[in-house]
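# requesting a structural model of the entry that follows:
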Amino acid sequence: QQEELNNNISVSTNNEKENNQVNDNEVALQENQIKISELTNKLSELENRISLLTSTNNSLSLDNQSLQEKNSSLIQSMDELKSINSSLSNTKDISKVDNNNHHNLLNEINSLKEQNHTLQQQNNDLNNKVSELDNEQENLYMILAEKDIELEQLKG
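Numbers count the residues shown, from 1 in each chain. This next block holds a predicted model:
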């Protein structure tokens, strides 16, 4: 009877250990499911961020294109004014030319030069912003890939 009692105690102890192991496994499973849910949410946030950055990047590219077109137009206007100015300067009967008109043309050329410089600076700034966004988008794609790997490992 003592041996049978010892066997029963041993079986009971083993059962208790197995139950504890099952409970531990269930807790670990729940923790993994929570982690998977958190990673899935993070993945969704990153995808939304990438979408927003892509949209912003496209918008900046369009702004950049528009500024380049304005810049070209200003350069053309400036060239036309230079030509007019040159033509006025080369006129033999310069005394008949309205000196004020000549001065205004020079002022207009200088103003166009300033506008051109400002547009070139804005263009450079936009190009830099596009590069920054491209880099940030690349970093987010790398994070997304890492999260995908983590998610697969947790699922596996």
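
# CA only for contacts and neighbour counts going forward, please
Fine.

# point out where the chain drops to low pLDDT.
Across the chain, the stretches falling below the confidence threshold (pLDDT under 70) are 90-98.

# what's the helix or strand for residue 87?
Using DSSP states H and E, residue 87 maps to helix 2-90.

# tell me the helices and strands packed up against that helix.
Counting by 3 or more C-alpha pairs under 8 Å, 6 or more residues apart in numbering; DSSP states H and E, the packing neighbours recorded for helix 2-90 are helix 99-155.

# in this structure, what residue sits furthest out from the centroid?
The C-alpha centroid of the chain is most remote from residue 1, which lies 77.2 Å away (C-alpha atoms, centre = their mean).

# residues contacting it?
With contacts defined as C-alpha atoms under 8 Å, 6 or more residues apart in numbering, residue 1 is in contact with no residue.

# for residue 57, see how far away the residue most central in space within the chain is.
Central residue check for the chain by C-alpha atoms, centre = their mean: the C-alpha nearest the mean position is that of residue 133, 3.1 Å away. Computed as C-alpha to C-alpha, to the nearest Å, the residue 133 to residue 57 distance reads 7 Å.

# equivalent analysis for residue 5, please.
Taking C-alpha to C-alpha as the criterion, residue 5 is separated from residue 57 by 77 Å.

# the more surrounded of those two?
Between residue 5 and residue 57, counting by other C-alpha atoms under 10 Å, residue 57 is the more crowded of the two (20 against 10).

# mind listing what the more buried one touches?
130, 133, 134.

# give me the number of residues near the last one?
Applying other C-alpha under 10 Å, we find 15 other residues in the vicinity of residue 134.

# that one: what's it in contact with?
Remark: with contacts taken as C-alpha under 8 Å, 6+ apart, residue 134 is in contact with residue 57.

# and the gap between it and residue 141?
Distance check for residue 134 against residue 141: by C-alpha to C-alpha, it reads 11 Å.

# now the second one
Counting by C-alpha to C-alpha, the gap between residue 133 and residue 141 amounts to 12 Å.

# check the first one too.
Residue 130 sits 16 Å away from residue 141, going by C-alpha to C-alpha.

# who's more crowded, those two?
Neighbour comparison, residue 130 and residue 141: the larger count goes to residue 130, with 20 against 15 (by other C-alpha under 10 Å).

# tell me the contacts of the residue nearest to residue 120 when sequence neighbours are not counted?
If the residues on either side of it in the chain are set aside, residue 120 comes closest to residue 71, at 7.2 Å by C-alpha to C-alpha, 6 or more residues apart in numbering. Applying C-alpha under 8 Å, 6+ apart, we find residue 71 in contact with 116, 119, 120.
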